[in-house]
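K.L.:
Return atomic coordinates for the entry below.
(one chain, ligands or ions: 2)
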Amino acid sequence: MTGMVKDYATVWENCLRTIRKNVNSQSFKTWFEPIKPIRLELSALTIQVPNKFFYEWLEEHYVVLLKRTIRQELGDTGRLEYQILMSPQIETKKIPYSNGLDISSPGGVDTGIIKNPFIIPGIKKLKIDSQLNPSYIFDNFIEGDCNRLARSAGLAVAKKPGGTAFNPLVIFGDVGLGKTHLAQAIGNSILSTLEGKTVLYVSSEKFTNQIIESIKNNAVNDFVNFYQLIDVLIVDDIQFLANKQKTQEIFFHIFNQLHQGGKQIILTSDRPPKDLDGMEERLISRFKWGLSADLQSPDLETRMAILEAKMSQEGLDLPYDVIEFISYNIKNNIRELEGVLISLVAQSTLNRREIDLDLAKEVIKNFVSQMSKEITVDFIQKLVADHFDVPVEKLKSQTRKRGIVIARQLSMYLAKNLTNKSLKAIGENFGGRDHSTVIYSCKAVQDLLDTDMIFKDTVADLEKKIKMSLNEK
Ligand code: ADP
Ligand code: MG
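P.N.:
Ligands and ions are numbered 1, 2, ... in the order given. This next block holds a predicted model:
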């Protein structure tokens, strides 16, 4: 560095002099002569290259030399920016050196001209950014009956990607049950335990858009070739590929090549493969080659465990009855469970209120759309029947079997204590029994309560469940 203002042409001329000494003349002719210096701003020299391939080649083969040369000319902050000549428009790509991670163009326009959308430039061996969210890991994916199969299949795949019978591994289930989390946990685990594996996570939407883009740019082959570099491909929410014929066709090719090459494929879907309407039969049949594992709604204990894990992650401490209350009421969506927790904390901070059951009830109303306004006899019957594992209808029947009699009597007892229904109305709800039967039942339950501690616990538990269930008034 001389301290005087340099012009871009001179800088590039000097660079070329160094480069010429370091590459053979054929390479120099092919790869450096066609380059045109464009401008020098701050310490960034912009050079124009004929096309994207050219730029990639330079990055792949000459990045070290270029870096050294540029720094020699422009000092330690010196860097190169590429302008890629493409008719009709000219695109500029900023290629930060050092460990530059993003390819950006001026004005933040994503031009889509970089062939391989996930390639990290500036690194000699092409490296692909996995696009994984590092916080989705197995450690914070709580195990329960609802996810045991999928989770352990995921663990197996993570240990030996491509080396198990679970290829593809299809994780399916309703929204908010952890498909994305689990699929990404597999990817993250592979990245952190197996060296040199290339993992790529892509949503079906992104995948589709890339295909559209590559068709537009006449680069479908590049696209397919790029995907061949992947050892573990995760495609999220494949139901969105439905009715997209061209996308499916290209995906089919990618799938086959990866699968043949022993690469791992992980897919998620909101329904089992066989129910994927609008999906080509040949794709569906391939999805069935491996394992389809579903995620179901978590049971109460798992929901509570997830909430508790979330809390400890966030450094929160909620009263037990609040955790229980939330878990009772948010049943089918784990994302909602988290949503309630966040709202609760926000409400409590904003309004300077302690987090207690009352606040939880207020918050949760925004999440539960059809909450029943009062405790109904039907509700009690269902809960008790579930608990004793008997069909609800039996409570209304004439059966005198002991197990059912107890469930029936207990339902009446709870109905009398927890609803404001008359004895007569309660009796009618039990297959048209009269009010004296209800009185008799309540007495029988009371006797049992006085003598049987286990029964007493059961009843307390059920009472709590009923009260917990948002049914106010
Ligand atoms: P899906 O992709 O099925 O819609 P997500 O994977 O996005 O669901 O999960 C929704 C939220 O619930 C995420 O924040 C995720 O971390 C969380 N989650 C899901 N399952 C579990 C689990 N078993 N343990 C802990 N958190 C979970
Ligand atoms: Mg998802």
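K.L.:
okay, CA-based contacts and neighbour counts for the rest of this
P.N.:
Fine.
K.L.:
Point out where the stretch 51-200 of the chain drops to low pLDDT.
P.N.:
Applying pLDDT under 70 to the stretch 51-200 of the chain flags the ranges 52-53, 85-127.
K.L.:
Residue numbers of it in contact with ligand 1?
P.N.:
140, 141, 142, 143, 175, 176, 177, 178, 179, 180, 181 (Cα under 6 Å from any ligand atom).
K.L.:
Please apply the same query to the stretch 301-450 of the chain.
P.N.:
Counting by Cα under 6 Å from any ligand atom, the stretch 301-450 of the chain sits next to ligand 1 at 306, 334, 335.
K.L.:
Which ones among these map onto helices?
P.N.:
Under the assignment DSSP state H, these contribute 306, 334, 335 to helices.
K.L.:
Turn the residues you listed into CSV, including neighbour count and pLDDT.
P.N.:
Below are these laid out as CSV (neighbours: other Cα atoms under 10 Å; pLDDT from 0 to 100):
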residue, neighbour count, pLDDT
306, 22, 96
334, 20, 94
335, 14, 91
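K.L.:
of those, closest to residue 385?
P.N.:
For these, the residue nearest residue 385 by Cα to Cα is residue 334; the value is 26.1 Å.
K.L.:
That closest one touches residue 178, doesn't it?
P.N.:
Yes. Residue 334 lies in contact with residue 178 (Cα atoms under 8 Å); the separation is 7.4 Å.
K.L.:
between the two, what contacts are shared?
P.N.:
Counting by Cα atoms under 8 Å, 6 or more residues apart in numbering, residue 334 and residue 178 have no common neighbour.
K.L.:
Neighbours of residue 390, how many?
P.N.:
15 (other Cα atoms under 10 Å).
K.L.:
And the most centrally placed residue in the chain, how close does it get to residue 133?
P.N.:
Centroid check for the chain by Cα atoms, centre = their mean gives residue 180 as the closest residue, at 2.4 Å. Distance from residue 180 to residue 133, counting by Cα to Cα, to the nearest Å: 10 Å.
K.L.:
cool, residue 409 as well?
P.N.:
53 Å.
K.L.:
which of the two has more neighbours?
P.N.:
Neighbours per residue (other Cα under 10 Å) separate residue 409 from residue 133, with residue 409 holding more: 22 against 14.
K.L.:
The more buried one contacts residue 441, doesn't it?
P.N.:
Yes. Taking Cα under 8 Å as the definition, residue 409 is a contact partner of residue 441 at 4.8 Å.
K.L.:
who touches both of the two?
P.N.:
Counting by Cα under 8 Å, 6+ apart, no residue touches both residue 409 and residue 441.
K.L.:
can you map out the strands along this structure?
P.N.:
36-41, 44-49, 79-85, 90-94, 119-120, 127-128, 169-173, 199-203, 232-236, 264-269, 291-295 (DSSP state E).
K.L.:
top of the residues of the stretch 51-200 of the chain next to ligand 1 by neighbour count?
P.N.:
residue 179 (25 neighbours).
K.L.:
How about residue 14: what's its closest non-neighbour residue?
P.N.:
Once flanking residues are discounted, residue 14 sits nearest to residue 73: 7.4 Å by Cα to Cα, 6 or more residues apart in numbering.
K.L.:
tell me, how many neighbours does the one you found end up with?
P.N.:
Around residue 73 there are 20 residues (other Cα under 10 Å).
K.L.:
any idea how far it is from residue 79?
P.N.:
Distance, residue 73 to residue 79, using Cα to Cα: 10 Å.
K.L.:
again, but for residue 154
P.N.:
Counting by Cα to Cα, the gap from residue 154 to residue 79 is 43 Å.
K.L.:
again with residue 348
P.N.:
Distance from residue 348 to residue 79, by Cα to Cα: 50 Å.
K.L.:
who has more neighbours, these two?
P.N.:
Higher neighbour count among residue 348 and residue 79: residue 79, with 25 against 17, using other Cα under 10 Å.
K.L.:
quick one on the thing from earlier: test my guess that the residue nearest to the centre of the chain contacts residue 267.
P.N.:
No. The pair residue 180 / residue 267 is not scored as a contact, 9.5 Å apart, by Cα under 8 Å.
K.L.:
overlap in contacts of these two?
P.N.:
Taking Cα under 8 Å, 6+ apart as the contact rule, residue 180 and residue 267 both touch residue 236.
K.L.:
Compute the number of surrounding residues for residue 282.
P.N.:
Residue 282 - counted by other Cα under 10 Å - has 11 other residues nearby.
K.L.:
in stretch 200-219, what counts as buried?
P.N.:
Of the residues in stretch 200-219, those buried under the neighbour-count criterion (16 or more other Cα atoms under 10 Å) are 200-205, 207-208, 210-214, 219.
K.L.:
do the same with stretch 456-465
P.N.:
Residues 456, 459, 462, 463, 465 are the ones in stretch 456-465 that count as buried (16+ other Cα under 10 Å).
K.L.:
now stretch 419-427
P.N.:
So, applying 16+ other Cα under 10 Å, buried residues of stretch 419-427: 423, 424, 425, 426, 427.
K.L.:
Settle this for me: residue 271 is touching residue 174, isn't it.
P.N.:
Yes. The pair residue 271 / residue 174 is scored as a contact, 7.2 Å apart, by Cα under 8 Å.
K.L.:
re the thing from before, which one of the buried residues of stretch 419-427 is nearest ligand 1?
P.N.:
Ligand 1 has its nearest neighbour among the buried residues of stretch 419-427 in residue 426, at 40.2 Å by Cα to the nearest ligand atom.
K.L.:
check contacts around the closest one.
P.N.:
Contact partners of residue 426, counting by Cα under 8 Å, 6+ apart, are 377, 412, 415, 416, 435, 438.
K.L.:
Would you mind giving the residues you listed as JSON lines with neighbour count added?
P.N.:
Listed next are those as JSON lines, based on neighbours: other Cα atoms under 10 Å:
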{"residue": "377", "neighbour count": "22"}
{"residue": "412", "neighbour count": "28"}
{"residue": "415", "neighbour count": "26"}
{"residue": "416", "neighbour count": "20"}
{"residue": "435", "neighbour count": "16"}
{"residue": "438", "neighbour count": "27"}
